[in-house]
Structure formats: structure tokens, C-alpha cells
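1. Take a look and give me a structure for this.
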Amino acid sequence: MTDVATEAHEGGLTFHPMDQFIVKPLFGEGPIHWYTPTNATLWMALAVLAIVLVLVVGTRGRAVVPSRAQSVAELTFGLIHKMVEDVSGKEGLKYFPYVMTLFCFIVFSNFLGLIPMSFSTTSHIAVTFILALSVFLGVTILGLVKHGTHFLGLFWVTSAPLAIRPVLAVIELISYFVRPVSHSIRLAGNVMAGHAVLKVFAGFAAIAAIAPVSIIAIAAMYGLEVLVALIQAYVFTILTCVYLKDALHPAH
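-> The predicted structure follows:
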């Protein structure tokens, strides 16, 4: 991401849409190590704090007439609970806490990334790939532990003619191992593209001749990005439920 921003500088742009994705140390300058506090770690910590405030502190009273925070928590709980049950079945409900945590982290990170001068952590493959990889490894290990070698039935399409089953098995195997890549790129790509377009429109707002059009475009794009932030978290989560269903019921 830093290389992209550097190329933008060298190209002579008056504004640089990719600068907002550069990971920087919170204190001072210099190289970034695994233990260095950065803007990325700060905004991930803020996402966790926001989740705790809404889902734990906001529901502490459990009033009959719910507060706004309690309403948001209850709606989120109901949405994800129904998603897990509908897609993965009742057996998948034991993994509901993990799916709920995953959804909340992504959606809160997406929304916090829309705050001006903030940092969008879910625009980085390094973040989304770890989330996707944890899902991939988790469901794979679960499938192997629960079903043993029968889990390999996921790759053997019994409904197809016998002659083409080996070909389909290879295709299924490739598509299975591509899952964490597509799972992560879909989220990061959509978030990064939206933020970059917002920054471009914001740069044009400084030009008096087209400032009104640019401001209208920014407002429209911002509204779209709010929707994208929720939809992408939903898509990531429902795909997780689909992969969980494959681990619990691998037979085609």
C-alpha cells in the first residue's frame, strides 16, 4: 500500500487518494515492527471498544423499553442468530458466538472507517486475510475432526456422472483452497475502492468551478459507503455460515 501511495506522489497529483491507507506509527517515525503501535492497531482497538460499549455496557440494564444501544444489540443478535440457524442449521448455533464476534468486528471497523480523518482497517488485506484464514482453518479442522475422511466427500460430487467426477473434484478442491483469498479480497477491495473514490471527490471539491457537483457526489458516495459497510460485513458473515455448513454437512 505504501508503494502505491509513493507512485501517486511521483506522478505529480495534487491530492493522493491512496495516502489514507498508509500504516504509520502512532509515536514518532521509523520502521514498523510487529510490536509498534500504529494507526491500524489504534482503530482496531477502538472497534473492539465500541463493540463492548454497545453490546455489553449498552445492554447492561436490559430494560423492557430498550435504549438505542440495547435496540441495536438486540437487532444485531437476532439477525446473526437467524442467519446462522437458517444457513448452517441448528447444529451450527453452538458456533454462533464466533460468527457474531466476526460480524461485529467487521461492521464496527467499517463504520469507524467512515469517520473523517479515521483509518479503515478493513481496507487492508493483512487484516481481512487473517479473518478469512481463521474461518478457513476453523471450518476445515472442524470438518476433519467431526467427519474424518468422510469430510473429503465435500469434493466428490456424487450427483454428477461418474466419468466427470474426478474433474469436478479437482475444480472443487481448487475452489476450496481459494476461499480465504476471495473471502478477504472481496471485503478489502470494496472498502478500499469506496474510500479512494471519496478521497478523489473530496480533492475536486477544492476547485471552485466544480465544487457544488463534487459536494453532491461526496454526499451520495458517503451514503452508498454506509450501505456498503453493512452489506460487506453481512456478506463476509453469511459466507462464513456457508463454509460452516459445509464443515457440518460435507456430503453433496
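2. C-alpha from now on. contacts and neighbour counts both.
-> Noted.
3. Report how many residues lie close to the nearest residue to residue 67 once chain neighbours are set aside.
-> Leaving aside its sequence neighbours, residue 67 sits nearest to residue 58 (Cα to Cα, 6 or more residues apart in numbering; 7.7 Å). Neighbours of residue 58 under the rule other Cα atoms under 10 Å: 19.
4. hang on, residue 58 packs against residue 72?
-> No. Residue 58 is beyond contact range of residue 72, at 9.0 Å (criterion: Cα atoms under 8 Å).
5. intersection of neighbour lists for the two?
-> Shared contacts of residue 58 and residue 72, defined by Cα atoms under 8 Å, 6 or more residues apart in numbering, are absent.
6. give the contact list for the residue nearest to residue 67.
-> Residue 58 touches 67, 69, 70, 73, counting by Cα under 8 Å, 6+ apart.
7. Which of these sits closest to residue 28?
-> residue 69 (36.8 Å; Cα to Cα).
8. and that closest one, helix, strand or coil?
-> At residue 69 the chain is in helix, as set by DSSP: H, G, I helix; E, B strand; the rest coil.
9. Can you give me the pLDDT of it?
-> At residue 69, the pLDDT value in this model is 84.
10. And for it, nearest residue in space, chain neighbours not counted?
-> Excluding the flanking residues, the one nearest residue 69 by Cα to Cα, 6+ apart is residue 58, at 4.9 Å.
11. which other helices and strands contact the helix or strand hosting residue 178?
-> According to DSSP states H and E, residue 178 maps onto helix 165-204. With contacts taken as 3 or more Cα pairs under 8 Å, 6 or more residues apart in numbering; DSSP states H and E, helix 165-204 sits against helix 125-147, helix 211-248.
12. Quick check: the gap between the nearest residue to residue 188 once chain neighbours are set aside and residue 211.
-> Leaving aside its chain neighbours, residue 188 sits nearest to residue 123 (4.3 Å; criterion: Cα to Cα, 6+ apart). Plainly put, residue 123 is 27 Å away from residue 211 if you go by Cα to Cα, to the nearest Å.
13. again, but for residue 239
-> In this view, residue 239 and residue 211 are 40 Å apart by Cα to Cα.
14. Can you report phi and psi for the residue nearest to residue 67?
-> Here is the backbone geometry of residue 58 (degrees, to the nearest 10): phi -70, psi -20.
15. Distance-wise, check it relative to residue 230.
-> In terms of Cα to Cα, residue 58 sits 20 Å off from residue 230.
16. Likewise for residue 25?
-> 29 Å.
17. Can you list the low-confidence ranges for the stretch 151-252 of the chain?
-> Low-confidence segments of the stretch 151-252 of the chain (pLDDT under 70): 208, 251-252.
18. er, the stretch 1-150 of the chain I mean
-> The stretch 1-150 of the chain contains residues with pLDDT under 70 at 1-15.
19. 50 - rerun?
-> The model of the stretch 1-150 of the chain has pLDDT under 50 over residues 1-13.
20. any chance you could map the helices in it?
-> 2-10, 39-52, 68-88, 96-112, 125-147 (DSSP state H, counting those that start in this stretch).
21. Let me know which of the ones you listed is tucked in deepest.
-> A comparison of those by mean neighbour count, using mean count of other Cα atoms under 10 Å, puts helix 96-112 on top with a mean of 20.
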